[in-house]
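Colleague: let's see this in three dimensions:
(one chain, ligands or ions: 1)
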Amino acid sequence: MTATTQIWLWIAFIGMALGSVAFGLKAAGQRHREGMEFSMVSFFITLWAATMYLSMILSETVLFDFKGQHILFWGRYLDWVITTPLLLLDLGIISGVRPKLILGVIGADVFMIVTGFIATLEGAPTNYLWYAISCGAFLAILGALFTEFSDTARLRDGKVKQLFLRLRNILTVLWFGYPIVWLLGTEGLQTINVGFETACYAILDLCAKVGFGLVLVSAGRDVLSEASSGERRQQVAEAYLNEPTSRR
Ligand code: RET
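Modeller: Now for the predicted structure:
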């Protein structure tokens, strides 16, 4: 592993570790309050990412010289398969969408990561087939976020709605970075080197987990407790279902 690769793995590990301490303390401090689940979920997301980064630093979740072709950081996929569903869970709770739909989107997300991992195990050109399948799932997720999730969020309290829209937009912009880096990186066209690829993923991961979490947990106590209330979420989910479809 080159020095640049190592340095960026360390930067990501330290950022995630600091994030998990901050979110963990916040969750502990708020444990009696509605809305504490957001700090707790952010804590688990960054804790898991820090753990996976440490395992990559220690080379336990890395295959060097995979198929004699390239280095394979499989720890990334083990990170993403756990953390991306949790990020979508956050968004789902805030939107107020039906739990069944949150589960559906999480299913598509796990499918996206697993098929993306299969793409990584394959050589060209079959890897691009799996890549395309994974991108299909990614588009389906975005489709749900921009339709039913957003339509339900529209029926929520103004500040909760704004928080949803801000987080949805941050998530969309950042998540698009992943398939782009994958395509240009070691597992795809190999136009960028491993050090640069590691830097890109580290920055994306820090923004998508720590940055996203900070925006979320600093939204204000009243907004988060309103977003978290089961009763209120049920009300908006029902209001959405009873709306004439022509208004969507
Ligand atoms: C892969 C390659 C195959 C095609 C697609 C991908 C998408 C990955 C995404 C990852 C998101 C990760 C996050 C991590 C932590 O915060 C698997 C790279 C579409 C969207 C947000």
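
Colleague: centre of the chain to the one helix or strand residue 161 maps to, how far?
Modeller: Applying DSSP states H and E as the criterion places residue 161 in helix 158-184. Distance, stretch centre to chain centre, for helix 158-184: 9 Å (Cα atoms, centre = their mean, to the nearest Å).

Colleague: OK, contacts around the spatially most central residue of the chain?
Modeller: Nearest residue to the geometric centre of the chain (Cα atoms, centre = their mean): residue 84, 3.4 Å. Residues in contact with residue 84 (Cβ atoms under 8 Å, 6 or more residues apart in numbering) are 109, 112, 113. Just so you know, the C-beta spots here come from the backbone N, C-alpha and C atoms, and that holds for glycine as well.

Colleague: quick check: pLDDT value at the second one.
Modeller: In other words, residue 112. Residue 112 is assigned a pLDDT of 98 by the prediction.

Colleague: Provide the secondary structure category for the closest residue to the ligand within the chain.
Modeller: Residue nearest to the ligand within the chain: residue 116 (2.4 Å; Cβ to the nearest ligand atom). Secondary structure for residue 116, judged by DSSP: H, G, I helix; E, B strand; the rest coil, is helix.

Colleague: thought it was touching residue 182?
Modeller: Yes: using Cβ atoms under 8 Å, residue 116 makes contact with residue 182 at a distance of 7.1 Å.

Colleague: overlap in contacts of the two?
Modeller: Residues touching both residue 116 and residue 182 (Cβ under 8 Å, 6+ apart): residue 131.

Colleague: neighbours around residue 241, how many?
Modeller: 9 (other Cβ atoms under 10 Å).

Colleague: what helix or strand does it sit in?
Modeller: Per DSSP H and E: helix 230-242 holds residue 241.

Colleague: give me the distance from that helix to the chain's centre.
Modeller: 25 Å.

Colleague: as a whole number, average confidence for the one helix or strand residue 139 maps to?
Modeller: When secondary structure is defined by DSSP H and E, residue 139 falls within helix 126-144. Per-residue pLDDT values over helix 126-144 give a mean of 98.

Colleague: in it, what counts as buried?
Modeller: Neighbour counts over helix 126-144 (16 or more other Cβ atoms under 10 Å) mark 127, 130, 131, 133, 134, 135, 137, 138, 140, 141, 142, 144 as buried.

Colleague: now do stretch 54-70
Modeller: Applying 16+ other Cβ under 10 Å to stretch 54-70 flags 54, 55, 56, 57, 61, 62, 66, 70 as buried.

Colleague: check whether the fifth one really touches residue 73, as I assumed.
Modeller: Yes: the pair formed by residue 61 and residue 73 meets the contact definition of Cβ under 8 Å, at 7.0 Å.

Colleague: show me which residues of the protein sit near the ligand.
Modeller: 80, 83-84, 112-113, 116, 119, 131, 134-135, 138, 175, 178-179, 182, 205, 208-209 (Cβ under 6 Å from any ligand atom).

Colleague: what's in contact with whichever helix or strand comes after the helix holding residue 139?
Modeller: Downstream of helix 126-144, the next assigned helix or strand under DSSP H and E is helix 150-153. The contact list for helix 150-153 (Cβ under 8 Å, 6+ apart) reads 94-98, 160-161, 164-165, 168, 236-237, 240, 248.

Colleague: as TSV, the residues you listed with pLDDT and neighbour count would be great.
Modeller: Shown next, in TSV, are these (pLDDT from 0 to 100; neighbours: other Cβ atoms under 10 Å):
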residue	pLDDT	neighbour count
94	97	29
95	96	33
96	95	28
97	95	26
98	94	19
160	96	25
161	97	20
164	98	26
165	98	15
168	98	19
236	88	22
237	87	20
240	88	20
248	63	11
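
Colleague: residue 64 touches residue 70, doesn't it?
Modeller: No: applying Cβ under 8 Å as the test, residue 64 and residue 70 come out as separate, 9.2 Å apart.

Colleague: hmm, back to that, hmm, which of the contacts of residue 84 are the buried ones?
Modeller: Judged by 16+ other Cβ under 10 Å, buried ones among the contacts of residue 84: 109, 112, 113.
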